[in-house]
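Asker: Give me a model of this one.
(one chain, ligands or ions: 2)
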Amino acid sequence: MLPIERGLEIVMSTAMAKQRADWMPAESVPLLDSIHRILREDVFCDADSPRFDKAIRDGFAVRFEDLAEVPAVLTVVGESRAGVGADVIVQRGQCCEIMTGAPLPPGANAVVMIENTERLSPTSVRILQSARENEGLLQRGAEARKGDKILQAGRRIGLADLGLLASTGKSTVVVSKKPRAAIIATGDELVEVDQEPQSGQIRNSNTYTICAQVSEAGAEPVILGIGRDNLDDLRNKIGQGLEHDLLLVSGGVSMGKYDLVETVFSEFGIEILFDKIAMKPGKPTVFGHRGNTYVFGLPGNPISTMVAFHMFVRPVILFLLKAENTSPKILEAKLEAMAKCDPQRAALVPAFVRFADGQYRIRTAPWKGSSDLVGLARANALIMIPRREGALEAGENAQFLLME
Ligand code: AMP
Ligand code: MG
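Answerer: Ligands and ions are numbered 1, 2, ... in the order given. Model prediction:
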């Protein structure tokens, strides 16, 4: 059976081989809509940042040479506040009152914070501490120079990036268009959320979790509803799904008599590149493609679906978006208690993770297997237990996915 990493390699090398045809086109969106989208343009600073020598303390703009001996009494010749500079030149023996964010008046070369001064009169102040040159201020261009590249295409726009785009005057931003991912939940036992399951039935939860995962990854979910476990219904739904950039089918990919999804995939000429991964849960994950559509069969159990999506679908979506980083978001924590390994398959098990004493610490949570959303909802992570003999011991490092 294929290890997870090998499966991911197959998925990504398929995407890579198709690349140019498949990358999503770019579009321009209003700044606010760009958060968490993938940037498709390099962004350059429109001006030095900061634009002027700027005070980073409330206090007095001084010439540091005047403070060789302190205390020193200086003449206050003006006031510079944020947005309104002082129309003065600070000469020897002089200083200028200044507020955080205000431009440094010419002549001054340091800012002494107000806590280290004693106002004597409206025109004089006693400075109690000396200053180094450029102390208490940020020089023009210290963060970036006009024309510097401040953001590179391929980046997922984060909070700081959004602020930076605003401050450099980008009211619209070029990002990747969202690929469309068709979602089909299969199963004769499924009823919709607002229905009361009769004997043997369960509510469809996968459509919702897949939708949320699709959106988080940066794609547009298209819900095609429930496909029943018969060839006609699946042909109809899967046929519609193949019109999209991705087709995600949950359920119907195990070995049961009514697991018909792979059969229908083949009928449609979908080239299947794997249909089993050495992972628990999520073993019967199917990956294939037809034309420009990426096709995934995600095992039906709710947690299997989530895990398979995270490991294989999310990276493809990020690839289509031309993101610089397509890897699954995997973090590391110190194990607080032993966790048994399986020599056949890598396992993903609900776990409690917390941040304490400078690092993540993790331990497995009780659960009843791959359908147990109750157990997973009580936990906050999935710990990745490697495929090998023996166990991970307490104190060892383990990888995990944060489940948010
Ligand atoms: P399957 O992969 O079709 O054999 O499904 C495996 C298990 O997952 C079965 O117990 C199904 O009832 C359950 N399951 C399948 N699809 C869904 C779904 N959309 N929502 C919740 N559970 C599901
Ligand atoms: Mg089924």
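
Asker: what residues are up against residue 10?
Answerer: 2, 273, 274, 287 (CB atoms under 8 Å, 6 or more residues apart in numbering). Glycine gets a C-beta too; all of them are placed from N, C-alpha and C.

Asker: Counting neighbours, which of those comes out on top?
Answerer: residue 287 (26 neighbours; other CB atoms under 10 Å).

Asker: So that residue belongs to a strand, correct?
Answerer: Yes. The assignment for residue 287 by DSSP: H, G, I helix; E, B strand; the rest coil puts it in a strand.

Asker: looking at it, it is touching residue 7, isn't it?
Answerer: Yes. Here residue 287 reaches residue 7: they are 7.1 Å apart, a contact under CB atoms under 8 Å.

Asker: Look up the residues that both of those two are in contact with.
Answerer: 274, 312.

Asker: So for residue 20, what's the pLDDT?
Answerer: For residue 20, the model assigns a pLDDT of 57.

Asker: Show me the shaky parts of the stretch 1-150 of the chain.
Answerer: Within the stretch 1-150 of the chain, the segments meeting pLDDT under 70 span 19-21.

Asker: Show residues contacting stretch 155-165.
Answerer: Outside stretch 155-165, the residues that touch it by CB under 8 Å, 6+ apart are 31, 34-39, 43, 150-151, 173, 175, 218, 323-325.

Asker: one more time with 10 Å
Answerer: 31-40, 42-43, 45, 49, 143-144, 150-151, 170-173, 175, 218, 318, 321, 323-325 (CB atoms under 10 Å, 6 or more residues apart in numbering).

Asker: Which positions within that stretch qualify as buried?
Answerer: 155, 156, 157, 161, 162, 164, 165 (16 or more other CB atoms under 10 Å).

Asker: Kindly provide the whole-number mean pLDDT of the strand or helix carrying residue 263.
Answerer: Residue 263 belongs to helix 261-267 when assigned by DSSP states H and E. Averaged over helix 261-267, pLDDT sits at 98.

Asker: quick one: which of the contacts of stretch 155-165 sit in strands?
Answerer: 43, 150, 151, 172, 173, 175 (DSSP state E).

Asker: Point out the residues in the stretch 51-200 of the chain that sit beside ligand 1.
Answerer: Residues of the stretch 51-200 of the chain lying close to ligand 1 (CB under 6 Å from any ligand atom) are 185, 187, 189, 190.

Asker: Dihedrals phi and psi, residue 190?
Answerer: For residue 190, the backbone dihedrals (degrees, to the nearest 10) come out as phi -90, psi 140.

Asker: got a list of what it touches?
Answerer: So residue 190 contacts 197, 201-207, 225-229, 250-251, 300 (CB under 10 Å, 6+ apart).

Asker: ok, now with 6 Å
Answerer: Contacts for residue 190 (CB atoms under 6 Å, 6 or more residues apart in numbering) come out as 204, 226.

Asker: What is the nearest of the contacts of residue 10 to residue 396?
Answerer: Each of these was scored against residue 396 by CB to CB, and residue 2 proved nearest at 25.2 Å.

Asker: In this model residue 277 seems to touch the closest one, though I could be wrong.
Answerer: Yes. Counting by CB atoms under 6 Å, residue 2 does reach residue 277; the two are 5.4 Å apart.

Asker: picking up where we left off before, want to try CSV for the contacts of residue 10, with secondary structure as columns?
Answerer: Formatted as CSV, the contacts of residue 10 follow (three-state DSSP):
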residue, secondary structure
2, strand
273, strand
274, strand
287, strand
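
Asker: any idea how far the lengthiest helix in the chain is from the chain center?
Answerer: Across the chain, the longest stretch assigned as helix under DSSP state H is helix 4-22. Offset of helix 4-22 from its chain centre (CA atoms, centre = their mean, to the nearest Å): 21 Å.

Asker: So which bits of that helix are buried?
Answerer: For helix 4-22, by 16+ other CB under 10 Å, it's 4, 7, 8, 10, 11, 12, 14, 15, 18, 22.

Asker: What pairs with the lengthiest strand in the chain, parallel or antiparallel?
Answerer: The longest strand of the chain (DSSP E) is strand 346-356. Its sheet considered, strand 346-356 pairs with strand 279-280 (parallel), strand 359-364 (antiparallel), strand 381-385 (antiparallel) by DSSP bridges.
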